[in-house]
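**Student:** Next input, structure requested:
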Amino acid sequence: MSDRTEMISINRYSHREGFFGGYPTFSYIPGKYYNYLPVVKLKKEACVYQDMPVSLLGEVLEYPEFIPLWLREANLLVQKPDIVGGSYVGAIPTFEQAKKDNYVVLGVNFILEEAADPKLIYLNDFIAIGITYPLFGTHREQFKAVHDFAVKTNYVTGIPVYTEADPLNPRERGDAVFALFFKEGFAEVEDIPEYLEHVHWNYTFNDKKVFSNENLSDEFVLRIYKAIKVALKSINECSYLNEEESKSLIQDGFKKVIHFSALNSDADARARVNPESLSEIGIKESSFPATDEVNGLNLLAETVIHEMMHTTGRTHIAYEESFGTHAGIGCGGDTAGLPEAAVKYWTSPPLRAECCIRDMQTDPRDH
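**Tutor:** From the prediction side, this is the model:
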């Protein structure tokens, strides 16, 4: 994933979570099967969004992967209140582009003065609070250093903006960085599985009518995104899958390009594995009403992780109604004296994967 698509992906993730925008901190936290990425989610109280003509943002589309250039050009606009229509303390581009009235526009979130403090931070200031790793090599190192500095100095987070005494090329910089530091109540930081970046950039919905001619509703698509996050977050702590199954679930399942579409059948969901990196999952929306947000989301997450396990090539025998009374044995229950077929079904990898969500399995008839 390129630097720009990573920025776009996290901004889209934040939107789908109900926030105004967002960006990655690049301050990774190690995990068992994947790292966690702290991401910043900007609240609506922090920003004013505007589509800005590309002509006002210099050469960003000529150097689309140069993240500091995007940030500098957006923040230089702040110094022109007659153009941006107000007084702001800084700006964070969405890195998205679109056509509007036959010209190209770029999305920018302008930061309100009450939301953040602009500060020039010197190298000795970083060192004084224990931040001694490389600070000025790449934008990733700068994002991480500024975020960590912000947290240590009682801000929610911070982001370098590459203006003032902060030259564009980090390798030509002096010993200071100019940054925005967000106050409490205007932004949140969430540690997410790093592969959610891939999900929010590459997964598609309704593009192809694979299992039916219907579409998943927009509301249900957002619930699927949330269920994917619940499923992914469960893998690092799941004891019901062995190491090979867990790694495969991520590498051969979630890291593929997945297309979701509506399903019109007796089943609640179905997976189709295609060659190379693409798989398809059909979900019957009516089987997952949004009446109970917590349990309904967990049930959807169990379905998603079950079908994802199918995309790795792992299967189970056909379900029979007599198996229903034995639901849960795949989560460590006693199998002594139980019908062999029922045990084989509930202890298969797709069914054991369901246990990762809330330590239980659900009889398909209950959906």
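
**Student:** beta partners of the nearest residue to residue 270 once chain neighbours are set aside?
**Tutor:** Leaving aside its sequence neighbours, residue 270 sits nearest to residue 282 (CB to CB, 6 or more residues apart in numbering; 4.8 Å). Where you see a C-beta, it was placed from the backbone N, CA and C, and this is true even at glycine. Note on residue 282: beta-bridge partners residue 261, residue 270, judged by DSSP bridges.

**Student:** Residue 157 too?
**Tutor:** Beta bridges link residue 157 to residue 182, judged by DSSP bridges.

**Student:** how far away is residue 116 from residue 308?
**Tutor:** For residue 116, the distance to residue 308 equals 39 Å [CB to CB, to the nearest Å].

**Student:** now the host helix or strand of residue 199, how far from the centre of its chain.
**Tutor:** Assessed by DSSP states H and E, residue 199 sits inside helix 196-202. Its chain's average C-alpha position is 6 Å from that of helix 196-202, according to CA atoms, centre = their mean, to the nearest Å.

**Student:** What are the contacting residues of it?
**Tutor:** The contact list for helix 196-202 (CB atoms under 8 Å, 6 or more residues apart in numbering) reads 1, 5-6, 8-10, 12-13, 16, 24, 37, 225, 228-229, 232, 254-255, 257-258.

**Student:** Report the buried members of those residues.
**Tutor:** Neighbour counting by 16 or more other CB atoms under 10 Å classes 5-6, 8-10, 12-13, 24, 37, 225, 228-229, 232, 254, 257-258 among the contacts of helix 196-202 as buried.

**Student:** which of the residues you listed lies closest to residue 356?
**Tutor:** The nearest member of the buried ones among the contacts of helix 196-202 to residue 356, counting by CB to CB, is residue 232 at 10.0 Å.

**Student:** The closest one belongs to a helix?
**Tutor:** Yes - counting by DSSP: H, G, I helix; E, B strand; the rest coil, residue 232 is part of a helix.

**Student:** Could you find the closest non-adjacent residue to it?
**Tutor:** residue 193 (4.3 Å).

**Student:** quick one, what contacts the one you found?
**Tutor:** 31, 34, 36-37, 229, 232-233, 235-236.

**Student:** follow-up on the earlier one: measure the residue nearest to residue 270 to residue 66 for me?
**Tutor:** From residue 282 to residue 66 the distance is 41 Å (CB to CB).

**Student:** Between the two, point out the one with more neighbours.
**Tutor:** Neighbours per residue (other CB atoms under 10 Å) separate residue 282 from residue 66, with residue 282 holding more: 23 against 17.

**Student:** now the strands for this protein?
**Tutor:** Listed in chain order, the strands of the chain (DSSP state E) span 21-24, 36-42, 47-53, 90-100, 103-111, 116-122, 157-160, 176-182, 187-193, 204-205, 257-262, 269-273, 278-283.

**Student:** Residue 242 is nearest to which of those?
**Tutor:** Once these are compared by CB to CB, strand 187-193 is nearest, at 19.4 Å.

**Student:** quick one: strands adjacent to that closest one?
**Tutor:** strand 36-42 (antiparallel).

**Student:** Between the contacts of residue 193, which sits nearest residue 249?
**Tutor:** Once CB to CB is applied, the member of those that ends up nearest residue 249 is residue 235, at 6.2 Å.

**Student:** residues touching the closest one, list them.
**Tutor:** By CB under 8 Å, 6+ apart, the contact set of residue 235 is 33-34, 193, 241, 246, 249-250, 356.

**Student:** Low-confidence stretches in the stretch 151-300 of the chain?
**Tutor:** 164-174, 275-277 (pLDDT under 70).

**Student:** sorry, back to before: of the contacts of residue 193, just say which sits nearest to residue 48.
**Tutor:** Nearest to residue 48, judged by CB to CB, of the contacts of residue 193 is residue 37 at 26.6 Å.

**Student:** can you count the residues close to the residue nearest to that closest one when sequence neighbours are not counted?
**Tutor:** Distance criterion CB to CB, 6+ apart; nearest residue to residue 37, sequence neighbours excluded, is residue 194 at 4.7 Å. By other CB under 10 Å, the residues close to residue 194 number 19.

**Student:** How about the contacts made by residue 194?
**Tutor:** Contacts of residue 194 (CB under 8 Å, 6+ apart): 28, 34-37.

**Student:** what do you get if the cut-off is 6 Å, keeping everything else the same?
**Tutor:** Shown in contact with residue 194 (CB atoms under 6 Å, 6 or more residues apart in numbering): 34-35, 37.

**Student:** How about residue 10?
**Tutor:** Counting by CB under 6 Å, 6+ apart, residue 10 makes contact with 22-24, 39.

**Student:** Residues touching stretch 298-308, excluding its own?
**Tutor:** By CB under 6 Å, 6+ apart, stretch 298-308 touches 227-228, 230-231, 253, 269, 271, 281, 288, 350, 353-354, 357-358.

**Student:** closest to residue 210 among these?
**Tutor:** Closest to residue 210 out of the contacts of stretch 298-308 is residue 281 (8.8 Å), distances taken as CB to CB.

**Student:** The closest residue to residue 28 other than its chain neighbours and residue 68, how far apart?
**Tutor:** With CB to CB, 6+ apart as the criterion, residue 28 has its nearest non-adjacent residue at 4.4 Å, and that residue is residue 35. From residue 35 over to residue 68 the distance is 24 Å, taken as CB to CB.

**Student:** For the two, indicate the residue with more neighbours.
**Tutor:** Taking other CB under 10 Å, residue 35 and residue 68 do not tie; residue 68 has more neighbours (19 against 14).
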